[in-house]
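1. Sequence plus predicted model, see below.
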Amino acid sequence: DSGVTQTPKHLITATGQRVTLRCSPRSGDLSVYWYQQSLDQGLQFLIQYYNGEERAKGNILERFSAQQFPDLHSELNLSSLELGDSALYFCASSVEAGGLATDTQYFGPGTRLTVL
Amino acid sequence: DQQVKQNSPSLSVQEGRISILNCDYTNSMFDYFLWYKKYPAEGPTFLISISSIKDKNEDGRFTVFLNKSAKHLSLHIVPSQPGDSAVYFCAASPAGNSKLTFGKGITLSVRP
């Protein structure tokens, strides 16, 4: 158990809908990262938050957005869903902002999103 | 453009023997390299890392080797155990940057 929790575990929805994925980081971790893993891809970095502020952006679509709340939990919002958005979405957390490359990221169990 | 490549999708090894998992990268800005292990229905678990100032890092049965000139790293598991059967991801990040770029992973099967 990494200490990172994600809810829900599974989510099935229809095209055009909007969903929210939730992540609680490990106790004491200030950074939260979101990744997407599609069937034929490795993990793709989406976005990072540190202590409530966006710190880095990766291959995140404009239809997707995220935020980190004062209690440090984070939500990833996916809207106007398409079939191709079906994937595993992982959240990870680490202690620091990422200024140190040695900052290890700890991953949650993921949310499996299926868009029908 | 895949900057971190794990060209072999799978590897099967006999229990007790050595497992060698390979990873190549193209981005010369990568400064820090990690291996993660992933079991089904779980998130990736950090295994071992290496900084570009080193060429080897060892932790128990796991050793990571880095060849910067070849832009190649490998993970050695000795001796391999059935519990090591999982998907292994290679990841890399530039200096001072937490953004990890992952390979597609390699499925290791250790036969009893």
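-> Great, that's in hand. In this text, all values refer to a predicted model and were calculated from it rather than measured experimentally.
2. So what's the residue count around the residue of chain B found nearest chain A?
-> Using Cβ to the nearest Cβ, the single residue of chain B nearest to chain A is residue B:98, 2.6 Å away. (Glycine included, C-beta is placed from N, CA and C.) Using other Cβ atoms under 10 Å in any protein chain shown, residue B:98 has 26 other residues around it.
3. Just want to check the distance between the residue most central in space within chain A and chain B.
-> Closest residue to the average C-alpha location of chain A: residue A:34 at 2.8 Å, with Cα atoms, centre = their mean. According to Cβ to the nearest Cβ, to the nearest Å, residue A:34 and chain B sit 12 Å apart.
4. for that residue, what are its contacts?
-> A:23, A:45-48, A:60, A:66, A:74, A:76, A:89-92 (Cβ atoms under 8 Å, 6 or more residues apart in numbering or on different chains).
5. Ok, residue A:46 next?
-> So residue A:46 contacts A:33-36, A:57-60, A:64, A:66, A:76 (Cβ under 8 Å, 6+ apart).
6. List just the nearest of those residues to chain B.
-> Closest to chain B, out of all of the contacts of residue A:46 and judged by Cβ to the nearest Cβ, is residue A:58, at 6.2 Å.
7. Was I right to think the closest one contacts residue A:36?
-> No - using Cβ atoms under 8 Å as the test, residue A:58 is too far from residue A:36 to be in contact (9.2 Å).
8. per-residue pLDDT, residue A:84?
-> Reported pLDDT at residue A:84 in the predicted model: 93.
9. I figured residue A:60 hits residue A:47, correct?
-> Yes - between residue A:60 and residue A:47 there is a contact under Cβ under 8 Å: 5.1 Å.
10. of these two, who's got more company?
-> residue A:47 (23 against 16).
11. Flag every residue of chain A that's near chain B.
-> A:2, A:4, A:6, A:31, A:33, A:35, A:40-45, A:48, A:55-56, A:58, A:90, A:92, A:94, A:97-110 (Cβ under 8 Å from any Cβ of the partner chain).
12. Could you tell me which of the residues you listed are located in strands?
-> Within these, residues falling in strands by DSSP state E are A:6, A:31, A:33, A:35, A:43-45, A:48, A:55-56, A:90, A:92, A:94, A:106-107.
13. picking that back up, okay, and the common contacts of residue A:60 and residue A:47?
-> The contact lists of residue A:60 and residue A:47 share A:34, A:66, where a contact means Cβ under 8 Å, 6+ apart.
14. Show me what from chain B comes close to chain A.
-> Proximity of chain B to chain A (Cβ under 8 Å from any Cβ) is limited to residues B:4, B:6, B:31-32, B:34, B:36, B:41-46, B:49, B:51, B:89, B:91, B:93-105.
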